[in-house]
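Q: Fold the following for me, if possible:
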Amino acid sequence: MVGLETVTALIAKDGLAILAPIAMLEGPIVTVIAAWLANRGLLDVWSVTVVVILADLVGDALFYCLGRWGLHRLPLRWRYRLGLNRARLGQLAGHFHEKGGRTLVFGKLTHSAGAAVLVAAGLAKMPLWRFTWVNLLATVPKSLFFVVIGYAFGAAYSRIDDWIARASLLVLGLLVLGGIVWLLKRTLKR
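A: Residues are numbered from 1 along each chain as shown. You can find the predicted model right below:
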């Protein structure tokens, strides 16, 4: 990613026009920076809020579309190497049919598992209307949280970026550890 100072300068100069595409790529810290700029009077905080929510939803929809229509274009051999055989895709579809909403909210709030969960929702062929609705319900509070953080403490955006990165790494580590424990229990039961 481009440096935070460069992102700040671009958003301050070009405003919402540049905020939307950057927020699709790197949402939380860009939201913090844009809200801080709104606090300084360079942007409107309500416009920032709407733009970051819409950018987050569009970015998530692109990941969903990748799973739904993009990965099936891979050669069969590659899909099997990724573990995307019929049985596993059937299990995934069943999971998203029963627990898709919870899984999406979990993916949105952990930030570490977000992209994988969004692609998995597409692979599972989760209905688009349900995906969009649940994703909206998870995106709004998350985006509002980062707008508030940015508006109140945005001058420390470099430190906030470090905290976001550390929290994401911690959650990722816990997810990996949880996955290892789950695999060990599953293996020992056999």
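
Q: For burial, what's the neighbour tally of Arg130?
A: 15 (other C-beta atoms under 10 Å). Where you see a C-beta, it was placed from the backbone N, CA and C, and this is true even at glycine.

Q: Distance check, it against Ala124.
A: Remark: distance between Arg130 and Ala124 (C-beta to C-beta, to the nearest Å) = 11 Å.

Q: Please enumerate the shared neighbours of the two.
A: The overlap between the contact sets of Arg130 and Ala124 (C-beta atoms under 8 Å, 6 or more residues apart in numbering) consists of Gly100.

Q: remind me which residues of the chain are low pLDDT?
A: 1-2, 190 (pLDDT under 70).

Q: Which stretches in it count as helices?
A: 4-14, 16-25, 27-39, 45-65, 76-81, 86-110, 114-123, 128-153, 157-189 (DSSP state H).

Q: Identify each buried residue in the second one, please.
A: Same thing as helix 16-25. Leu16, Ile18, Leu19, Ala20, Ile22, Ala23, Met24 (16 or more other C-beta atoms under 10 Å).

Q: With just CA atoms, put that helix into CSV.
A: Output of helix 16-25 as CSV, limited to C-alpha atoms (Å, rounded to 0.1, in the frame of the first residue of the first chain):
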residue,chain,number,x,y,z
LEU,A,16,-14.5,11.9,-1.8
ALA,A,17,-13.6,11.1,-5.4
ILE,A,18,-10.3,9.5,-4.3
LEU,A,19,-11.7,8.3,-0.9
ALA,A,20,-14.1,5.7,-2.5
PRO,A,21,-11.5,3.6,-4.4
ILE,A,22,-8.9,3.8,-1.7
ALA,A,23,-11.5,2.8,1.0
MET,A,24,-12.4,-0.3,-1.1
LEU,A,25,-8.8,-1.4,-0.9
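
Q: If you count contacts, what does that helix end up packed against?
A: helix 4-14, helix 27-39, helix 45-65 (3 or more C-beta pairs under 8 Å, 6 or more residues apart in numbering; DSSP states H and E).

Q: Is it possible to get these out as a markdown table so that each row also shows mean neighbour count and distance to Leu71?
A: Formatted as a markdown table, these follow (neighbours: other C-beta atoms under 10 Å; distance: least, C-beta to C-beta, whole Å):
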| stretch | mean neighbour count | distance to Leu71 |
| --- | --- | --- |
| helix 4-14 | 15 | 30 |
| helix 27-39 | 25 | 23 |
| helix 45-65 | 19 | 10 |
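
Q: of all those, which lies closest to Val148?
A: helix 27-39 (7.5 Å; C-beta to C-beta).

Q: Need the contact partners of that closest one.
A: In contact with helix 27-39 (C-beta under 8 Å, 6+ apart) are residues 4, 7-8, 11-12, 19, 22-23, 43-45, 48-49, 51-52, 55-56, 59, 111, 143, 146-152, 154-155, 157, 160-161, 164.
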